[in-house]
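Asks: Sharing a model prediction with you, sequence too.
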Amino acid sequence: MDLQDIFIYNMKRLRREKNITQEQLAERCETDTAYIGQIETKKRFPSIKFIEKIAASLEVDSYILFSVNDTDDGHIDVDELVEKIKTALLPEIKKEIKSALKAKR
């Protein structure tokens with residue numbers, strides 16, 4: 001399971017646990033229902049800022065959306081998780097930094 005799959009799994013799981021529909025989540029995130037559906041079907045992946053909106057709407061810390069528990073003893077390998085997150089989000093972080101620097105000029 002890659003990082004995007006983990007994110008999607010956790011987003012859907014949390015949304016369902018809280019009895020929130022895709023439409024309700026979209027409203028809370030100020031977006032279109034179709035976008036939430038595209039995220040959940042792995043057709044699109046949200047920006048860091050939008051991940052934060054999703055987490056806030058689900059009332060969890062952002063890192064929870066990337067939490068993985070794939071061992072029998074419930075242990076989460078934090079170092080492995082951090083590496084997966086860095087690999088997946090590094091291009092988006094670079095893009096955000098370049099955009100911020102360009103805006104300051």
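Replies: On my side now, so go ahead.
Asks: Skipping its backbone neighbours, what lies nearest Ile51 in space?
Replies: Nearest residue to Ile51, sequence neighbours excluded (CB to CB, 6 or more residues apart in numbering): Ser62, at 5.7 Å. Placement of C-beta: from N, CA and C, glycine included.
Asks: secondary structure class for the closest residue to Arg44 other than its chain neighbours?
Replies: Nearest non-adjacent residue to Arg44, counting by CB to CB, 6+ apart: Gln38, 4.2 Å away. Here Gln38 takes the helix state, with states given by DSSP: H, G, I helix; E, B strand; the rest coil.
Asks: Would you map the helices across this protein?
Replies: Applying DSSP state H to the chain gives helices spanning 3-17, 22-28, 33-40, 48-58, 78-104.
Asks: and those helices as JSON lines, adding distance to Phe66, mean neighbour count and mean pLDDT?
Replies: Converted to JSON lines, these look like this (distance: least, CB to CB, whole Å; neighbours: other CB atoms under 10 Å; pLDDT from 0 to 100):
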{"stretch": "helix 3-17", "distance to Phe66": "6", "mean neighbour count": "16", "mean pLDDT": "92"}
{"stretch": "helix 22-28", "distance to Phe66": "18", "mean neighbour count": "17", "mean pLDDT": "96"}
{"stretch": "helix 33-40", "distance to Phe66": "14", "mean neighbour count": "17", "mean pLDDT": "95"}
{"stretch": "helix 48-58", "distance to Phe66": "9", "mean neighbour count": "17", "mean pLDDT": "95"}
{"stretch": "helix 78-104", "distance to Phe66": "5", "mean neighbour count": "11", "mean pLDDT": "81"}
